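Student: Structure of the sequence below:
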Amino acid sequence: MRSEVIGKDARVAVHPFDHDIAVQDLGEGRFGAEMSERWWVERGPNGGYVAAVILRAIQAAAAGERAPRSLTVQFPRAPVAGPVEITAKTEREGRTVTFLSARMEQQGKLQATALAVLADDLEANGFAELQMPSVEPPAELYSPDPEQVSGMPTMFQNYSVRPALGDQAFSGGTPYSGLWIRGREPRLLDAPLAAAILDAWFPAPFIRLERPVPAPTIDYTVHFRAPLPEPGASAEDPYLATFRSGLARGGFFEEDGELWSQDGSLLAQSRQLALLLS
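Tutor: Numbering: from 1, shown residues only. Down below sits the predicted model:
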């Protein structure tokens with residue numbers, strides 16, 4: 001945990017994730033944030049991390065109790081480390097649903113755009129046809145050290161993980177894998193952390209390949225399917241994240257992700273379109 005000064009003398013422990021996605025209200029729907037190199041992959045920040053920062057600004061702009069239901073982010077550029085400015089705007093606010101848009105800019109250049117939906121819980125009929133994959137319960141998780149593993153992105157330092165299903169990267173197998181994952185320093189799972197986690201693992205097509213290649217995200221959508229944090233959840237809880245890809249064509253691939261609680265509740269779903277460069 002980091003200690004940050006609040007007022008003159010008091011200090012409060014701030015989780016590293018909350019420190020790295022923090023936004024400052026600049027007025028008139030504008031928010032300042034800082035891109036941290038702790039989340040770097042290749043030439044810029046992890047897309048899930050960028051999405052989490054934008055979602056934090058959107059939640060601050062909405063200033064209510066409505067929960068995130070959908071977030072879509074597109075990435076025209078990769079920000080560099082340092083300050084960014086996010087402009088968030090309420091496009092429409094109804095009795096139960098709020099629609100918002102956001103833009104992230106850095107040094108006058110557009111870095112990302114986003115659309116989000118926040119909504120109250122509604123009393124309605126439901127069903128659940130999806131089932132959590134059958135995997136072994138999570139054993140002890142470990143924290144990867146990017147400094148000790150050649151080619152591992154810096155971003156992995158922020159998680160504790162344990163692979164749970166599927167083939168290894170660059171094995172020639174089926175592009176489907178899953179892992180148990182949580183923050184390296186325990187933290188309750190909320191919507192921004194779920195958005196980060198669902199872009200935290202290596203791209204599913206890497207299983208089919210012989211070596212790593214650049215795979216920057218173009219478009220990333222997360223649907224939040226349960227209240228977060230879950231009632232009764234613990235900061236120590238690991239979650240099962242699964243990732244699957246069915247098609248790579250013309251230099252692009254899709255990837256579908258799911259995030260499950262240990263008791264089999266589907267918490268969030270993701271879908272992204274990304275480049276697969278040779």
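
Student: Any idea which helix or strand in this protein has the lowest mean pLDDT?
Tutor: strand 2-5 (a mean of 51; mean pLDDT, DSSP states H and E).

Student: Give me the neighbour count for the nearest residue to G183 once chain neighbours are set aside.
Tutor: Spatial nearest neighbour of G183, chain neighbours left out: F17 (5.9 Å); criterion: C-beta to C-beta, 6 or more residues apart in numbering. C-betas here are computed from N, CA, C, even on glycine. Counted with other C-beta atoms under 10 Å, the neighbours of F17 add up to 22.

Student: Show me the shaky parts of the chain.
Tutor: 1-12 (pLDDT under 70).

Student: switch to 50 and redo it
Tutor: 3, 5-6 (pLDDT under 50).

Student: in it, which spans are helices?
Tutor: 16-21, 47-62, 191-197 (DSSP state H).

Student: out of those, nearest to E140?
Tutor: E140 lies closest to helix 191-197 among the helices of the chain, at 18.7 Å (C-beta to C-beta).

Student: Output the closest one in CSV with nothing but the alpha carbons.
Tutor: Taking Å, rounded to 0.1, in the frame of the first residue of the first chain, the C-alpha atoms of helix 191-197 are listed here in CSV:
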residue,chain,number,x,y,z
ALA,A,191,-15.8,-2.4,-12.1
PRO,A,192,-12.5,-0.6,-12.9
LEU,A,193,-10.4,-3.6,-11.7
ALA,A,194,-12.6,-6.0,-13.6
ALA,A,195,-12.0,-3.9,-16.8
ALA,A,196,-8.3,-4.1,-16.2
ILE,A,197,-8.2,-7.9,-15.4
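
Student: which helices and strands does it pack with?
Tutor: helix 16-21, helix 47-62, strand 67-74, strand 217-224, strand 266-275 (3 or more C-beta pairs under 8 Å, 6 or more residues apart in numbering; DSSP states H and E).

Student: let's see 10 Å
Tutor: helix 16-21, helix 47-62, strand 67-74, strand 176-183, strand 217-224, strand 239-244, strand 252-260, strand 266-275 (3 or more C-beta pairs under 10 Å, 6 or more residues apart in numbering; DSSP states H and E).
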